[in-house]
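Enquirer: any chance you can model this:
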Amino acid sequence: MKFVVLALLAAVATAAPQYAAPPRYTDSLEHAAIIRDDRVHEEDGRYSVDVETDNGIILSQSGSPSGPDGAVVKAGQYSYTAPDGTPVVVKFVADENGYQPQSDLLPVAPEFPHPIPQFVLDQIAFAATEEPRRYSYDD
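Expert: The predicted structure is shown next:
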């Protein structure tokens with residue numbers, strides 16, 4: 001009996017998945033030197049930042065507390081070269097409507113393939129008026 005239990009334990013131990021340690025990304029990172037770092041902070045809360053590294057990363061951003069309740073509104077752009085060599089440029093605004101990036105590389109939803117016929121729109125409108133009546137208990 002002890003032999004059967006020992007054999008089962010050995011079978012389970014050898015069948016268990018063997019996980020390798022995840023790769024350490026810090027081992028393969030190259031450090032980029034900052035070749036430009038211009039920062040301006042005004043007393044009224046306005047600021048601007050311009051940073052450039054020797055590997056081609058560029059960030060330009062400015063902001064001011066001009067949003068609702070003094071929230072900071074930011075605008076700027078950053079650029080870099082993707083690993084496949086594609087130049088990436090992202091322009092952005094961050095305000096009361098959230099972060100709004102713009103780039104040719106960002107995915108865009110496809111356009112609807114055709115216009116919606118009027119009779120379909122009429123039916124949708126009719127169904128919307130019928131919905132409240134469906135749950136009324138006055139009948």
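Enquirer: and Thr86, what pLDDT?
Expert: Thr86 is assigned 91 on the pLDDT scale.
Enquirer: tell me the secondary structure of the residue nearest to it when sequence neighbours are not counted, please.
Expert: If the residues on either side of it in the chain are set aside, Thr86 comes closest to Leu105, at 7.3 Å by C-beta to C-beta, 6 or more residues apart in numbering. Quick note: C-beta positions are derived from backbone N, CA and C, even for glycine. Three-state assignment for Leu105 (DSSP: H, G, I helix; E, B strand; the rest coil): coil.
Enquirer: can you list phi and psi of Leu105 for me?
Expert: Taking degrees, to the nearest 10, you get phi -90, psi -10 for the backbone angles of Leu105.
Enquirer: what do you get for Pro132?
Expert: Here is the backbone geometry of Pro132 (degrees, to the nearest 10): phi -60, psi -40.
Enquirer: the lowest-mean-pLDDT helix or strand in the chain - contacts with which helices or strands?
Expert: Within the chain, judged by mean pLDDT, DSSP states H and E, the helix or strand with the poorest mean is helix 2-15; its value is a mean of 71. Packing contacts for helix 2-15, counted by 3 or more C-beta pairs under 8 Å, 6 or more residues apart in numbering; DSSP states H and E, involve no helix or strand.
Enquirer: before I go, just wanted to say thanks for your time.
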